[in-house]
Structures are given as C-alpha cells and as structure tokens.
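Structure for this input, please:
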Amino acid sequence: MQSPRQPSTRGALPHPAAPLEGMKSRPFAHADIYRHPPMSGANPPPALAAVRKNESSCVVTMADGTWFVTWSQGSFEGAHDEQIVGATSRDNGCTWSAPRGITASTPQFRRSYGCPFVVPGSGRVYLFLHEGRHSGGDIAANSPEVDSGMLGFMFSDDNAATWSEIRSIRLPDRDISMFPDRIHGHLNHPPQLMPDNRVVLPLSLYARLGSMRRDWQLVAGENALLWCENLLTEADPRLLRFTLLPEGPRGIRADVLKHADNPAVNRLATAFAGYPDSLAFNSQELTVVPLADGHWVGVSRTFLGSPGYTVSPDQGNTWSPVERLRYRPDGPFINHPHTMCPIARLPDGRFILLFTNNDGTKNGAEHVWDGSCRTRNPQWFVIGREISGEDRNGGLVFGEPRILAEADENEAPDGFRASTCTGISMPQYIAAAGRHFVQYGLRKEHILLDEIPVSVIDAMTPAQSH
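A predicted model of the protein is given here:
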C-alpha cells in the first residue's frame, strides 16, 4: 500500500553527519539531533561507552520558541551509568546544542526515561520520570523488585538551565501492583494538553519478570493516564494534584483471550513455548487524541499484530475495550508489531499515525516481539481524518501509508546492541511554525529529525468519500 516516494524538499543537512549514515532511505532528512562519536570494540573507555545508548527522546517548545529535547543516555539499557540528558535548538531543529545532564541514575535507582512538559503562560518546564530499583546488592537480577519504584517530577523556571530536586507522586495501588506504594512502569510520551485544558500523562504499568517466572516479552501490561489536575495554574509543587485514570483497580488492557484465534497471538505464544491462554493482557505506550465531538481516542502497542485503539466518552474516566485498528471502519487491519505506534492530531484536525507496518511476519520476523531490523524497520506513517457520526474504528479513516525512513540491516562490527530490538523506534510528531516534523531513534544509538512537507501530507490524506 506504499505510495510512490517523493524527494525531500529540504536542502542538505546542517548537521555534519551524512543523512544516510546507518540508513537505506531517509527522504525527509532535516537534521541529526544527536549522533554519538564513532566507537568500536567490546570494551570502549567508560566515558565513551556511556554515550552509546540514546533512546526515548521527547521534544517540546519552550516559552521563547527554543526547542528542548530530553532522552535517556548510557552504556546500555539498565546500565548504572544511565542518565536523562537534554539539548536545545534555536532554529527550528536545524542545529542542536551538546547534551547536558539533567539527572543521573544511582546505585540504587534507575533514572532513564523522562518526558518534558512546558506550562503555557508561565513557561515552567516539568520533567516527569520513573525511579525504579536497580539490581545489585541484596536485589537479584531476576527479582520482582527490579524496576519497582515511584513516579516523580522535576521542574525548571529558567528554560531548563537548572532543575529542582525530584518530587514523588503517590499513586493508588492497582491490581497489577506488586508492592504497596510502588509501581513497575515507564513513560515514553510527554504530557498532552487536551482541548478542555486537561493535562494527561500517558503511563505504562506492568508486572515485572519474576512475578510469573516467564519471558519478559509475555509480561502483563496496561495503560493509564495521569491527570495533572492543576498543573497549569498551581506554582507551588507541594500543592499539585494528580489522579490516575481510569479510576479503580485496573487500567486499559487488551483482552488477549478474546483474540485467541489471532495469528499474531498464536505465533507469539508458540515462540515462547506457551499457548494463547497463557499470554498476559498487554497494552502499552498509549497516546491520546481528541475528536471534534469530545471523545478521546487512545492508540497503543499490543500483542495483536496491530495497534490497539480504545475510546473514552468522558475525558479518560472510562474506556471501550481495546480493538485492532483498521485503515477504515470496514477495511483491512493496520499491521504493527509490539512497539511504539503514536498517533497525533495535526493543528488542522487531521491525524498522523507512526507505525512499522509489520504484523510479526515480514522481513523474516517470527513474532511481534522479534527484534533487530525486522519488526522495527522501516518506519512508516499514514495520515487520517475523522468520519462524522462514525463509531467504528474510533471514528477514524486513514489513507495510503508510506515509508518515513529505513535503517540499514548491518550489525555493529563489535556486536553491540542497545537492546534486543533496534532498527527505528520511539518516533514523535512535532508541529512547529506551520511545519511538520518527526523525531525518532536509530538503533537506539542516535536521535534524528525529519520534516514531512505539507504537500506530502495533503497527498496522503484520505478523500472525503471514504
């Protein structure tokens, strides 16, 4: 279903790195946010190794128009040298400052994924993060205590130059919680400002490997939204109020048993010597968009071979069952493995979905968790719009997809992998000055930024007759 590729309307990259370094195709190249220095060998110097893994980047615009990006940097995922770093751009993402440390992991706690938010008006920058326990000491690597911890936030009142200490956010215990007052969770997306001025932070909650003694790819997971009730109006961080939505004992889950005849579910179960009825529910890395009629549509990664979608009629308080997303209400399913698939609303009311167009069978992949450059490469996108009065498929219809970028499939000469799943991952759409950008990670080692021309988006928008 790919449309013919069109050349980028942008000129040469302002960053010295070549636009196709490490890639087969990058037609919309705009800039490199960060590429680590060249390195090879199994044991590079610690200072060099500590900048090799770069992932989970999030971009926001500060009050003076400066772009601010945060990401997780370290030797590898879960390394004790992981830290959250930030960089800035004053020319709409063309050039970027060198990264500066914001907060670092400790021997006891992992601080790796941070999501920023800028308060309109005041310009205060918040950074939300999860502090989870490291293994080591009296905690074994397979202990359920690993990664259990607290959600917290920091803030800056000087455009991210200096930061407050971390303040914890107390969350209610859920059925999925393994320890009182602690969660296993992660953040990938910045808080979202909805039309009614509600600020909601998507949050993934899960049960830790060790609770079931099963492979981590089969672990139970659910989505929630942290409603930041007075974040826009309250300056005193001690008085901030937070509510976890939906309220009650459970978050937003995908019912795997309901989809027991789904080929993607069966392939995943078979790959890990199980059966569909032994797979845990799993729906993670939610993004939420508003519709014109006030409904919210959430899209997340699942085990189902497609993005899962769910609809809330009441500002996140209740949600419909998670179903597989289609190109149109009566059309084919959108193929996608178990990796991030964010949806975002364009300023004019259209939508963009960033996905991988792979149900766990393409490029030699064996299941939706298959890694390397199989399930997370290439990176695709598709443009959608609302259908007035339509309840099916979240009220959405999408056009023909096309490739945004494609990584090469060459393994690092020294065998290094930032994680078990590389390729292209963790994309984010950014609207700025009437232009459209997507930033993403390459092999979880480099952070890149592309610009999609308006003409391309217009050509990809589905016709009103759908």
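
which residue packs closest to the most centrally placed residue in the chain, ignoring adjacent ones?
In the chain, the centroid-proximal residue (Cα atoms, centre = their mean) is residue 188; its distance is 4.1 Å. In space, and not counting its chain neighbours, residue 188 is closest to residue 285: 5.1 Å by Cβ to Cβ, 6 or more residues apart in numbering. For glycine as for every other residue, the C-beta is placed from the backbone atoms N, C-alpha and C.

shaky segments in the chain?
Counting by pLDDT under 70, the chain contains low-confidence ranges at 1-19, 209-216, 420-421, 465-466.

Show me where the stretch 151-300 of the chain has its helices.
Here the stretch 151-300 of the chain has its helices, by DSSP state H, counting those that start in this stretch, at 263-271.

what are the ranges of the strands in the stretch 301-450 of the chain?
308-312, 323-324, 343-345, 351-355, 379-386, 396-398, 402-407, 424-432, 435-442, 446-452 (DSSP state E, counting those that start in this stretch).

Those into a markdown table, with extra columns for distance to residue 40?
Shown next, in a markdown table, are the strands of the stretch 301-450 of the chain (distance: least, Cβ to Cβ, whole Å):
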| stretch | distance to residue 40 |
| --- | --- |
| strand 308-312 | 40 |
| strand 323-324 | 42 |
| strand 343-345 | 37 |
| strand 351-355 | 31 |
| strand 379-386 | 26 |
| strand 396-398 | 42 |
| strand 402-407 | 18 |
| strand 424-432 | 22 |
| strand 435-442 | 17 |
| strand 446-452 | 15 |
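
Report the contact partners of residue 299.
Residues near residue 299 by Cβ atoms under 8 Å, 6 or more residues apart in numbering: 286-289, 307-309, 325, 341-343, 353.

how about CSV for those, with distance to residue 103 added?
Output for the contacts of residue 299, formatted as CSV (distance: Cβ to Cβ, whole Å):
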residue, distance to residue 103
286, 24
287, 24
288, 26
289, 30
307, 32
308, 32
309, 34
325, 35
341, 28
342, 24
343, 29
353, 32
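
between these, which is nearest residue 258?
Distance to residue 258 across the contacts of residue 299 (Cβ to Cβ) is lowest for residue 308, with 11.4 Å.

what about residue 344, how many neighbours?
Around residue 344 sit 22 other residues, with neighbours defined as other Cβ atoms under 10 Å.

Nearest residue to it in space, please, no chain neighbours.
In space, and not counting its chain neighbours, residue 344 is closest to residue 429: 4.0 Å by Cβ to Cβ, 6+ apart.

do residue 52 as well
residue 36 (5.5 Å).

Over to the one you found. Which of the three states is it?
Following DSSP: H, G, I helix; E, B strand; the rest coil, we place residue 36 in the coil state.

How about the contacts made by residue 362?
By Cβ under 8 Å, 6+ apart, residue 362 lies in contact with 335, 374-375.

Go ahead and confirm residue 22 touches residue 443.
Yes: counting by Cβ atoms under 8 Å, residue 443 is a contact partner of residue 22 at 6.8 Å.

So the two - more neighbours on which side?
residue 443 (28 against 17).

Please, where are all the strands along the stretch 151-300 of the chain?
167-169, 183-186, 192-193, 199-206, 221-228, 242-245, 283-290, 296-302.

Quick check: residue 186 touching residue 113?
Yes: between residue 186 and residue 113 a contact is recorded at 5.5 Å, counting by Cβ under 8 Å.

who's more crowded, the two?
residue 113 (24 against 20).

which residue packs closest to that one, ignoring adjacent ones?
residue 56 (4.7 Å).

That neighbour: what's it in contact with?
71-72, 112-113, 188, 426, 441.

now with 6 Å?
71-72, 113, 188, 426 (Cβ atoms under 6 Å, 6 or more residues apart in numbering).

helix or strand for it, which one?
Secondary structure from DSSP states H and E places residue 56 in strand 53-61.

Kindly report the same for residue 47.
helix 46-49.

Please report how far residue 89 lies from residue 32.
Separation of residue 89 from residue 32 (Cβ to Cβ, to the nearest Å): 11 Å.

tally of neighbours for residue 180?
Neighbours of residue 180 (other Cβ under 10 Å): 6.

Over to residue 428?
Neighbourhood size, residue 428 [other Cβ under 10 Å]: 24.

In contact with it, which residues?
If a contact means Cβ under 6 Å, 6+ apart, then residue 428 has residue 439 as its contacts.

Quick check: it vs residue 280, distance?
Taken as Cβ to Cβ, the span from residue 428 to residue 280 is 27 Å.

With residue 378 instead?
Taken as Cβ to Cβ, the span from residue 378 to residue 280 is 29 Å.

swap in residue 368?
In this view, residue 368 and residue 280 are 14 Å apart by Cβ to Cβ.
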